[in-house]
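Novice: any chance you could fold what I've pasted below:
(one chain, ligands or ions: 3)
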Amino acid sequence: MPAAPRIACIALDRPLDRLFDYSIPEDLTLAPGQRVRVPFGRGSTIGVVVELASTSEVAPGRLRAIQEAPEAEPILGPRLLELLQFGARYYHHPLGEALLGALPPALRHGDPLPALTPETLWRMTPAGSQALADGDARGRRQQAVLRTLAHPNTTPHASPALDRATLAAATGLQLAPRELRAFAERGWLEATTPDPKQPPPPNTSDHTLTAEQRAAVDALTPDTGVPLLLEGVTGSGKTEVYLQMAERVLARGRQVLFLIPEIALTPQLSARIQQRFPGQVALLHSGLSEGERLRAWESARQGQRRIVVGTRSALFTPLPDLGLIIVDEEHDSAFKQQDGFRYNARDLAIKRGQLEQVAVVLGSATPTLETLHAATTGRYAHARLATRPDGSQPPAVEAIDTRVHTPDEGLTAPLLDAMQQTLAAGHQCFLLLNRRGFARVLACDACGWVAECPDCDARLTIHAHNPRAVCHLCGHQEPRPQRCPQCGEALAQRGLGTQRLEQALARHYPTTPLIRLDRDSIRHKGALEEALDRIRQLDAAIVVGTQMLAKGHDFPQVGLVGVIDVDQGLFSVDLRATENTLQLIVQAAGRAGRGSGGGRVLLQTGHPDHPLIRGLNAADYPAMVAPLLEERAAAEMPPHGHLALVRVEAGDAETTRRHAERVATHLRNAAAEGLRVLGPAPAPRHRVNRRFREQILLQSTQRGPLHRALTRARHAWQTDDLPRGTRIAIDIDPVSLA
Ligand code: ADP
Ligand code: ZN
Ligand code: ZN
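Specialist: Ligands and ions are numbered 1, 2, ... in the order given. Here you go, the predicted structure:
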């Protein structure tokens, strides 16, 4: 009889490609996925059991014993464990870091699982309704709470019963449980505590689905693990489709995982989901405290909450009854982690769907070429929403030739005229100016000198209300130079950023409300919500912003979208820059002409006849990007080829180069037929924060040779003697080659 497995192979949060063997004490029974505390070095650390074994390569006398198991049961189920093992292999990242990184930080630090309290829902009583009508509820807070519970119209989807968090989100108030209990004591509210096994019915939708939306909901085939692309033009009501899909899955007693790129930028979306399914949503995002995060995670793991709405890392939440994964705005690069464990949550969501045999819905108006290709070749199912429920059309894009109409501070005469008309008609103008690189720089017109960061390959930028010049890459700041250090001439400010555009607009339209949306303007908490509320309440107004203003917002008053400058993005050498710029234009254009009659999109460009610009008015998005897909096929680039980027980073240029060359040699030695190893070459930003970067690009039509070569080469370079501070990072399926 084989010996009982008394050895556990444990993943630890260390950057090492191996598991650690420990012996299991007599009184402990363990299973894979369980958390343990083990001695490590002179201290102890938290790990997760990956496998049990009866033998170990460690000599029996030297095997150390597990100290304790904080829980009696696994906290990661077998499928989730398998997903993380797959992810670590696929992205060539140490399993221990990937696995421990998937846990809430509190659990990684050894905290116990929290006890959960049942959720209370609040409903207005007839007395509350009377108090509101008679004016007895006089306080601002009282009125806000009662109104939210009374009139479905004060918020788009208000409901008869809401949990405290949803009420707080809908009213914009910090609501303590004590305050709600006080309202209940007055007889205005009543509390109910739903049984988590019998969740309350969802609040009803304001909408009847259109035929297209219904067909999309019906296209969902649960339990097959086949992904479904929901390709819907901007404003076609994808959210309503997600909500109805979720409703179906919840009704079957299953849970829903809803991934979104960023919670902070789209506050309405999470509020809408919470209001539809009160008390059932666990929100998981980076803005939570450790304790909040742990409770949300645990409520999902125990099945108390039936829906997880979260950003990328929420993908790893244990969900015992998972029935559906939704990835909204699947094209968004925020799903890709850009450091450490460089996974793409969209791609791992598809893997999780396969492993757990549940449906995965990928939604976008501008899907990535990879997803689109998979859908058109039949690997994914494909549902399309070609129209908007209100019958409005996403407007056509009109080009303004900047060679004919010279922009003054970014604005051409035809754009200014069109804005004038739009504002006069009582509608809003949205102006998109994306790149931070367009911010003002200090330049010498006499000799061409430009102020640059001493530590990076980057220009220093100038912001209104900041007397210093700033580097956007490393944060370096210095006093603005007045004269050119090379020739002594006075320096001029050149280039255009959102702040300068805002100033120019204020001169053109001194009495029109002007709102700016960019990372600087929304820095303080609540600033974005405030700005979005203001936009919703105003009629004529101008909104200037970065790509932030293209994110899923639904404003009925936008009559004109102006795109200030896209040429740099459209003609970039970076593989994805063109695709991303097209997506940005289409998403921005989609803000125009909702609800109100018609809308215009004006694009300022020096290349109005370029095929990509002309292609912007193709019948649909797949037709628009067809030429790009052909280019990718010819170049064997994704989706017709696979890429990996190996980045080597060190403190001086020569060391970096030398090691990059060694790494490239290892890769070439390991490369088989069909794999191309390009480089090393200096990264487009060669120097950032005093560190130098070289990169090697791997390209292959098949994934196999690429991964095999990386595995072999990694073994080789791990035995190389790297100087301190040298770092090698692998980026599989990179979203940017920069
Ligand atoms: P998308 O995410 O596809 O850009 P949204 O989900 O924001 O679109 O929906 C756009 C607008 O259409 C919203 O105001 C939404 O309330 C509305 N809407 C969605 N479905 C319907 C429907 N079936 N009937 C009427 N209006 C709808
Ligand atoms: Zn000069
Ligand atoms: Zn810098």
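Novice: any idea which strand is longest in this protein?
Specialist: As assigned by DSSP state E, the longest strand anywhere in the chain is strand 675-688.
Novice: hmm, who's touching that strand?
Specialist: 455-458, 473-474, 574, 647-648, 653, 657, 660-661, 663-664, 667-668, 671, 692-700, 705-706, 709, 737-738 (C-beta atoms under 8 Å, 6 or more residues apart in numbering). All C-beta atoms are positioned from the backbone trio N, CA, C, and that covers glycine.
Novice: check whether that strand comes near ligand 3.
Specialist: No - contact of strand 675-688 with ligand 3 (C-beta under 5 Å from the ion) is absent, the minimum separation being 6.8 Å.
Novice: out of the contacts of strand 675-688, which are buried?
Specialist: By neighbour count, with 16 or more other C-beta atoms under 10 Å, these hold 455-458, 473-474, 647-648, 657, 660, 663-664, 667, 671, 692-700, 705-706, 709, 737 as buried.
Novice: I'd like to know how far the nearest residue to residue 601 once chain neighbours are set aside sits from ligand 1.
Specialist: Leaving out its chain neighbours, the residue that sits closest to residue 601 by C-beta to C-beta, 6 or more residues apart in numbering is residue 589, at 4.3 Å. Going from residue 589 to ligand 1 by C-beta to the nearest ligand atom, to the nearest Å gives 12 Å.
Novice: what about residue 589, distance to residue 498?
Specialist: Counting by C-beta to C-beta, to the nearest Å, the separation of residue 589 from residue 498 is 19 Å.
Novice: residue 615 falls within a strand, correct?
Specialist: No - Residue 615 sits outside any strand when classified using DSSP: H, G, I helix; E, B strand; the rest coil, being helix.
Novice: so how far is residue 585 from it?
Specialist: Here the criterion is C-beta to C-beta. By it, residue 615 lies 11 Å from residue 585.
Novice: which one's more surrounded, these two?
Specialist: Shown here are residue 615 and residue 585; by other C-beta atoms under 10 Å, residue 585 has more neighbours (26 against 16).
Novice: in a strand, that one, correct?
Specialist: No - Residue 585: not assigned to a strand; according to three-state DSSP it is helix.
Novice: quick one: which of the contacts of strand 675-688 sit in helices?
Specialist: With helices taken from DSSP state H, the overlap with the contacts of strand 675-688 comprises 653, 657, 660, 661, 663, 664, 667, 668, 705, 706, 709.
Novice: let me see the contact set for the first one.
Specialist: It refers to residue 653. 686, 687, 692.
Novice: kindly report the same for the fifth one.
Specialist: By C-beta under 8 Å, 6+ apart, the residues touching residue 663 are 646, 648, 680, 696, 713, 717, 728.
Novice: restricted to strands, list these.
Specialist: Reading strands off these with DSSP E, I get 646, 648, 680, 696, 728.
Novice: pLDDT weak spots in the stretch 601-738 of the chain?
Specialist: For the stretch 601-738 of the chain, no stretch is flagged by pLDDT under 70.
Novice: residue 363 - nearest residue in space that isn't next to it in sequence?
Specialist: The spatial neighbour of residue 363 that comes closest, neighbours along the chain excluded (C-beta to C-beta, 6+ apart), is residue 230 at 4.2 Å.
Novice: sec struct for the one you found, please.
Specialist: Strictly by three-state DSSP, residue 230 counts as strand.
Novice: hang on, it packs against residue 361?
Specialist: Yes - between residue 230 and residue 361 there is a contact under C-beta atoms under 8 Å: 5.6 Å.
Novice: what's the overlap in contacts for the two?
Specialist: Counting by C-beta under 8 Å, 6+ apart, the residues touching both residue 230 and residue 361 are residue 242.
Novice: near ligand 1, which residues of the stretch 301-450 of the chain?
Specialist: Residues of the stretch 301-450 of the chain lying close to ligand 1 (C-beta under 6 Å from any ligand atom) are residue 389.
Novice: strands of the stretch 301-450 of the chain, start to end?
Specialist: 307-310, 322-328, 359-364, 381-385, 397-401, 428-432, 441-443 (DSSP state E, counting those that start in this stretch).
Novice: and stretch 564-579, how far out from the chain's middle?
Specialist: Distance, stretch centre to chain centre, for stretch 564-579: 21 Å (C-alpha atoms, centre = their mean, to the nearest Å).
Novice: any buried residues in it, and which?
Specialist: Going by 16+ other C-beta under 10 Å, stretch 564-579 has these buried residues: 564, 565, 566, 567, 569, 570, 575, 576, 577, 578, 579.
Novice: turn the residues you listed into CSV, including distance to ligand 2.
Specialist: Output for the buried residues of stretch 564-579, formatted as CSV (distance: C-beta to the ion, whole Å):
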residue, distance to ligand 2
564, 28
565, 26
566, 31
567, 27
569, 30
570, 32
575, 36
576, 36
577, 31
578, 35
579, 39
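Novice: can you list the weak-confidence ranges in the protein?
Specialist: In the chain, residues with pLDDT under 70: 1-4, 151-160, 196-200, 435-439, 464, 571-573, 595-597.
Novice: go again using 50 as the cut-off
Specialist: 1, 152-159, 436-438 (pLDDT under 50).
Novice: around ligand 3, pick out the residues from it.
Specialist: 453, 455, 456, 471, 473, 474, 476.
Novice: the last one contacts residue 456, doesn't it?
Specialist: In this case it means residue 476. Yes - using C-beta under 8 Å, residue 476 is in contact with residue 456, at 7.4 Å.
Novice: who's in contact with the residue nearest to residue 363?
Specialist: Here residue 230 is in contact with 216, 238, 241, 242, 361, 362, 363, 364, 383, 385 (C-beta under 8 Å, 6+ apart).
Novice: distance check, the most centrally placed residue in the chain against residue 338.
Specialist: By C-alpha atoms, centre = their mean, the chain has its centre lying nearest to residue 261, at 2.3 Å. Applying C-beta to C-beta, the value for residue 261 to residue 338 is 13 Å.
Novice: what does residue 497 give?
Specialist: With distances taken as C-beta to C-beta, residue 497 is found 23 Å from residue 338.
Novice: which of these two has more neighbours?
Specialist: Neighbours per residue (other C-beta under 10 Å) separate residue 497 from residue 338, with residue 497 holding more: 23 against 11.
Novice: confirm the residue nearest to the centre of the chain sits in a strand?
Specialist: No - using three-state DSSP, the assignment for residue 261 is coil, not a strand.
Novice: these two touch, right, residue 656 and residue 647?
Specialist: No - using C-beta under 8 Å, residue 656 makes no contact with residue 647, being 9.9 Å away.
Novice: quick check: residues of the stretch 501-650 of the chain near ligand 1?
Specialist: 552, 554.
Novice: and the residue in the stretch 501-650 of the chain that ligand 1 sits nearest to, how far from residue 534?
Specialist: Residue nearest to ligand 1 within the stretch 501-650 of the chain: residue 554 (4.2 Å; C-beta to the nearest ligand atom). Per C-beta to C-beta, residue 554 is found 15 Å from residue 534.
Novice: go on, residue 260?
Specialist: When residue 260 is compared with residue 534 (using C-beta to C-beta), they lie 23 Å apart.
Novice: more neighbours, these two?
Specialist: Applying other C-beta under 10 Å to residue 260 and residue 534 shows that residue 260 carries more neighbours, namely 24 against 13.
Novice: now for the more buried one: which residues touch it?
Specialist: Residue 260 neighbours (C-beta under 8 Å, 6+ apart): 266, 269, 270, 309, 310, 311, 328, 329.
Novice: burial measure for the fifth one, as a count.
Specialist: When neighbours are counted by other C-beta under 10 Å, residue 310 registers 28.
Novice: that one against residue 283, yeah?
Specialist: Yes - using C-beta under 8 Å, residue 310 is in contact with residue 283, at 6.6 Å.
Novice: which neighbours do the two share?
Specialist: Common contacts of residue 310 and residue 283 (C-beta under 8 Å, 6+ apart): residue 263.
Novice: what distance do you get for the residue nearest to the centre of the chain to residue 312?
Specialist: Applying C-beta to C-beta to residue 261 and residue 312 gives a distance of 8 Å.
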